[in-house]
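Asker: Give the three-dimensional model of this entry:
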Amino acid sequence: MKNIHIAYGHSGMTAQIPDENLLGIYESALPPAAADGYAEVVRAMDNPIDSPPLEQLARGKSSCVIIASDHTRPVPSKFIIPEMLRRLRLGNPQIDITILIATGCHRQTGKDELIAKLGQDIVDNEKIIVHDADDDSAMVDLGALPSGGALRLNRTAVETGLLIAEGFIEPHFFAGFSGGRKSVLPGIAARETVMANHCAEFINSPFARTGILDNNPIHADMLSAARKAGLAFIVNVVINSDKKIVKAFAGNAQSAHLTGCDFLKTHCCIPIPQADIVITSNGGYPLDQNVYQAVKGMTAGEAVCRDGGVIILCAGCSDGHGGEAFYQTLKNMSSPAGLLNTISAIPRNATTPDQWQYQILLRIMTRFKIIIVTRHADHQMIRDMKFDAASSIEEALQIAFKHTSPDAKIAAIPDGVSIIPGLKCSPETGNN
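Answerer: This next block holds a predicted model:
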């Protein structure tokens with residue numbers, strides 16, 4: 001028997017897998033975490049990529065907006081934001097700074113969540129605005145995206161003298177990679193802009209996949225939005241499964257991000273043989289707070305599971321389903337294939353909220369049985385959404401073996417959002 005440990009909630013989840021069934025345990029080959037996370041951020045900011053130092057950029061600017069991640073992202077903001085603030089004020093003591101929380105279309109970040117992310121001192125003493133994608137009065141028009149969609153962004157960010165952002169870089173299931181330009185779109189964009197970017201046509205693109213930037217129409221829109229917004233400087237980090245900083249990248253919004261993506265490609269593109277059963281996760285808390293977010297982890301299983309196989313997704317889902325409309329749509333659908341066909345036919349300018357998440361999820365549901373392992377969410381809710389539910393990996397495997405066979409081959413991916421999985425990994429996987 002082989003012990004496996006899968007990311008789940010705050011503590012993880014373990015199980016024993018028979019040796020004869022287990023193909024392997026597939027994890028990213030990231031270097032060890034930096035001995036001092038703050039020192040690694042300082043190192044990156046001391047050596048900005050294709051950019052003057054932040055202190056120099058601040059000179060002569062009356063204002064600055066720092067786009068910061070929201071409660072759904074495990075960005076170690078306590079290491080990053082204070083150093084950004086320090087350097088801005090070192091370069092320009094009079095600069096007026098606003099921290100803009102990039103919620104995208106997520107719910108608003110609460111005060112307690114801000115304190116947990118930024119620290120009490122920053123929450124008490126800095127100017128903080130939480131982006132609201134539905135507040136039309138807070139948006140400004142910036143023309144059109146390459147896709148033709150309207151580009152409307154948060155006015156505070158567009159009208160500032162200096163726009164910068166923090167964030168983290170990881171493989172992303174349709175944008176290729178997170179970080180960089182995503183702070184702007186979807187981070188501080190109007191809902192209609194996010195809808196246009198996340199349209200059915202783009203989600204269906206074979207280039208809108210994990211680890212791919214070249215020819216990715218979603219990435220192209222995001223990059224254009226960041227340029228038009230004037231995103232001048234970023235501090236992005238790569239973190240490990242323990243949410244510790246491995247490496248930091250600072251500087252020009254595009255080239256610093258691409259440098260970080262190249263670093264990830266080197267360490268996270270993992271060849272995995274085709275499996276009958278895939279056990280994976282959404283990376284643990286906070287990424288696995290709800291079923292909606294957990295779709296990302298399912299795509300790791302999608303990439304390597306044989307048609308008709310089983311994906312076992314371990315996710316805390318302490319926040320439930322992630323949205324009443326999301327829940328009701330899945331609960332009331334007659335079949336995944338039928339709903340997928342309906343969504344795929346929706347025109348670019350008629351995208352509906354959460355459509356992209358349904359589309360990707362339904363794409364997976366039409367090919368595989370999905371079992372969600374959770375000890376924190378109502379199992380009836382999970383079943384209502386057309387998944388199987390289990391309280392442990394062992395219980396899920398009993399269901400999976402009945403669906404496949406007792407000698408089914410299993411691939412274990414402890415952190416499904418940290419790798420670029422595939423039957424092979426070629427240099428073309430993540431071109432820029």
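Asker: Helices of the stretch 251-400 of the chain, start to end?
Answerer: 255-268, 291-304, 324-332, 336-344, 355-365, 379-384, 393-403 (DSSP state H, counting those that start in this stretch).
Asker: would CSV of the ones you listed with mean pLDDT and mean neighbour count be doable?
Answerer: Heads up, the C-betas are built off the backbone N, CA and C, glycines and all. As requested, these are exported to CSV (pLDDT from 0 to 100; neighbours: other C-beta atoms under 10 Å):
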stretch, mean pLDDT, mean neighbour count
helix 255-268, 96, 21
helix 291-304, 94, 26
helix 324-332, 93, 15
helix 336-344, 96, 16
helix 355-365, 95, 23
helix 379-384, 98, 16
helix 393-403, 98, 18
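Asker: how about CSV for these, with distance to residue 107 added?
Answerer: Converted to CSV, these look like this (distance: least, C-beta to C-beta, whole Å):
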stretch, distance to residue 107
helix 255-268, 26
helix 291-304, 11
helix 324-332, 12
helix 336-344, 23
helix 355-365, 15
helix 379-384, 18
helix 393-403, 29
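Asker: Quick one: closest of those helices to residue 193.
Answerer: Of all the helices of the stretch 251-400 of the chain, helix 355-365 sits nearest to residue 193, with 13.5 Å by C-beta to C-beta.
Asker: quick one: the closest one to helix 324-332, angle?
Answerer: Interaxial angle of helix 355-365 relative to helix 324-332 (axes from the mean of the first three to the mean of the last three C-alpha atoms, to 10 degrees): 30 degrees.
Asker: what sits up against helix 355-365?
Answerer: With contact meaning C-beta atoms under 8 Å, 6 or more residues apart in numbering, helix 355-365 is reached by 173-174, 195, 198-200, 203-204, 292, 295, 298-299, 301-302, 311, 326, 329-330, 336-337, 339-340, 343-344, 346, 370, 386.
Asker: rewinding a little: of all the helices of the stretch 251-400 of the chain, which one comes closest to residue 113?
Answerer: It's helix 291-304; of the helices of the stretch 251-400 of the chain, that one is closest to residue 113 (C-beta to C-beta) at 14.8 Å.
Asker: Break the chain into its domains for me.
Answerer: Under the assignment automatic domain parsing, the domains of the chain span 2-26+272-430, 37-267.
Asker: Can you check which of the helices of the stretch 251-400 of the chain gets nearest to residue 415?
Answerer: That would be helix 291-304 among the helices of the stretch 251-400 of the chain, by C-beta to C-beta, at 8.3 Å.
Asker: What degree of burial does residue 222 show, as a neighbour count?
Answerer: Residues lying near residue 222 (other C-beta atoms under 10 Å) number 26.
Asker: cool, and the one 10 residues further on?
Answerer: Residue neighbour count, defined by other C-beta under 10 Å, stands at 21 for residue 232.
Asker: Now do the host helix or strand of it: which elements does it pack against?
Answerer: In the assignment (DSSP states H and E), residue 232 maps to strand 231-239. Helices and strands touching strand 231-239, by 3 or more C-beta pairs under 8 Å, 6 or more residues apart in numbering; DSSP states H and E, are helix 37-46, helix 54-58, helix 77-91, strand 163-168, strand 245-251, helix 255-268.
Asker: Tell me which of the ones you listed sits most buried.
Answerer: strand 163-168 (a mean of 26; mean count of other C-beta atoms under 10 Å).
Asker: going on from that one, what's the next piece of helix or strand?
Answerer: Taking DSSP H and E, what comes next after strand 163-168 is strand 171-172.
Asker: how about the strands in the stretch 101-250 of the chain?
Answerer: 127-130, 139-144, 150-154, 163-168, 171-172, 176-177, 231-239, 245-251 (DSSP state E, counting those that start in this stretch).
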